[in-house]
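K.L.:
I would like to see how this sequence folds:
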Amino acid sequence: MGHLDHAALGWLTPVLSYVMACIGAALGLRCTVRALGATGRSRRNWLITAASAIGTGIWTMHFVAMLGFSVSGTDIRYDVPLTLVSLLVAMAVVCAGVFAVGYGRDRTRALCLGGLTTGLGVASMHYLGMAAVRLHGDVTYDPALVALSVLIAVVAATAALWAALNIKSPVAVTLASLIMGAAVSSMHYTGMFAVGVHVTPSGEVLPGATAMQFIFPLAVGLGSYLFLTSAFVALSPTTGEREASASAQRPVEGTAG
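P.N.:
Residues are numbered from 1 along each chain as shown. Predicted structure coming up:
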């Protein structure tokens, strides 16, 4: 068995991955709150932004954490197409869950369906990302820990959607995002602790790209997207602010003119 190190770069990758998960969760929650206060095309656009933020945050969290993953006795490469598929899966399933909540008439049913869909999607993203790993040896999984990681993903996703429906104030959203970041990180590392690797030494060149060649630049790009979108949301007026501005600009009834 090869020795697995989940933090080969020290605390840098666990802390940075947690920060990315929190940013994605906070941005997604704020966008969902905006969506629930909007109608028509505006609601749809806010929900799409929320889904892309949460999906991007979860994916970035996973692969930033994977920058610190190493196995003694073998190099590690990543299958590029499969890694990109995992990103698309993350965004698609989160989008399905967010839209279920955003447009569902029965909030309880929508929450359960959205949480289950999103949680299973997050778990699928994680294990698709792991399927993209290429190394000299065989990867095995502890079924009990895999099941636990999926359960954590479903509970975390349901809690995030519940927070989007019930939490409005910026302080509460910040607190919820910190909790959600911890839940997503817990799901990731629970899934990683389920991994076992039987190394088969070989001189063959592994297919795929190294983490620094592919994952690091992509994570930086997606992280930049999260920061820029956060700035846009922070500067964008809320529905209440727009209504107040429109009301202030209306001419006062009865004035000359």
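K.L.:
CA only for contacts and neighbour counts going forward, please
P.N.:
OK.
K.L.:
and stretch 197-216, how far apart are its ends?
P.N.:
Terminal residues of stretch 197-216 lie 23 Å apart, using Cα to Cα, to the nearest Å.
K.L.:
tell me which residues in it are buried?
P.N.:
Val197, Val199, Leu206, Gly208, Ala209, Thr210, Ala211, Phe214, Ile215, Phe216 (16 or more other Cα atoms under 10 Å).
K.L.:
Tell me how many other residues crowd the residue nearest to Ile76 when sequence neighbours are not counted.
P.N.:
The shortest distance from Ile76 to any non-neighbouring residue, by Cα to Cα, 6 or more residues apart in numbering, is to Leu135 (5.0 Å). By the criterion of other Cα atoms under 10 Å, Leu135 has 23 neighbours.
K.L.:
do the same with Ala132
P.N.:
19.
K.L.:
contacting residues around the closest residue to it other than its chain neighbours?
P.N.:
In this structure, Ala132 finds its nearest non-sequential neighbour in Asp79, 4.8 Å apart by Cα to Cα, 6+ apart. Taking Cα atoms under 8 Å, 6 or more residues apart in numbering, we find Asp79 in contact with Ala132, Val133, Arg134, Pro207, Gly208, Ala209.
K.L.:
With Asp75 instead?
P.N.:
Counting by Cα under 8 Å, 6+ apart, Asp75 touches Leu135, His136, Leu206.
K.L.:
what are the phi and psi values for it?
P.N.:
Here is the backbone geometry of Asp75 (degrees, to the nearest 10): phi -80, psi 170.
K.L.:
in stretch 43-56, what counts as buried?
P.N.:
43-44, 46-56.
K.L.:
try stretch 13-26
P.N.:
Of the residues in stretch 13-26, Thr13, Pro14, Ser17, Tyr18, Val19, Met20, Ala21, Cys22, Ile23, Gly24, Ala25, Ala26 count as buried by neighbour count, 16+ other Cα under 10 Å.
K.L.:
low pLDDT regions in the stretch 151-257 of the chain?
P.N.:
234-235, 237-257 (pLDDT under 70).
K.L.:
Thought Val19 was touching Gly223, still the case?
P.N.:
No - with contact defined as Cα atoms under 8 Å, Gly223 does not reach Val19; the gap is 10.2 Å.
K.L.:
what sits against the nearest residue to Leu4 once chain neighbours are set aside?
P.N.:
The shortest distance from Leu4 to any non-neighbouring residue, by Cα to Cα, 6+ apart, is to Val71 (4.7 Å). By Cα under 8 Å, 6+ apart, Val71 lies in contact with Gly2, His3, Leu4, Asp5, Val197.
K.L.:
Correct me if wrong: the fourth one contacts Met66.
P.N.:
Meaning Asp5. No - taking contacts as Cα under 8 Å, Asp5 lies outside contact range of Met66: 10.2 Å.
K.L.:
Settle it for me: which of those two has more neighbours?
P.N.:
Met66 (24 against 14).
K.L.:
Next, count neighbours for Thr39.
P.N.:
12.
K.L.:
quick one: it from Val199, how far?
P.N.:
Separation of Thr39 from Val199 (Cα to Cα) stands at 55 Å.
K.L.:
re the thing from before, go through the buried residues of stretch 43-56 and flag which are in helices.
P.N.:
Counted as lying in helices by DSSP state H, out of the buried residues of stretch 43-56, are 43-44, 46-56.
K.L.:
and which of these is nearest to Asp142?
P.N.:
Gly55 (25.9 Å; Cα to Cα).
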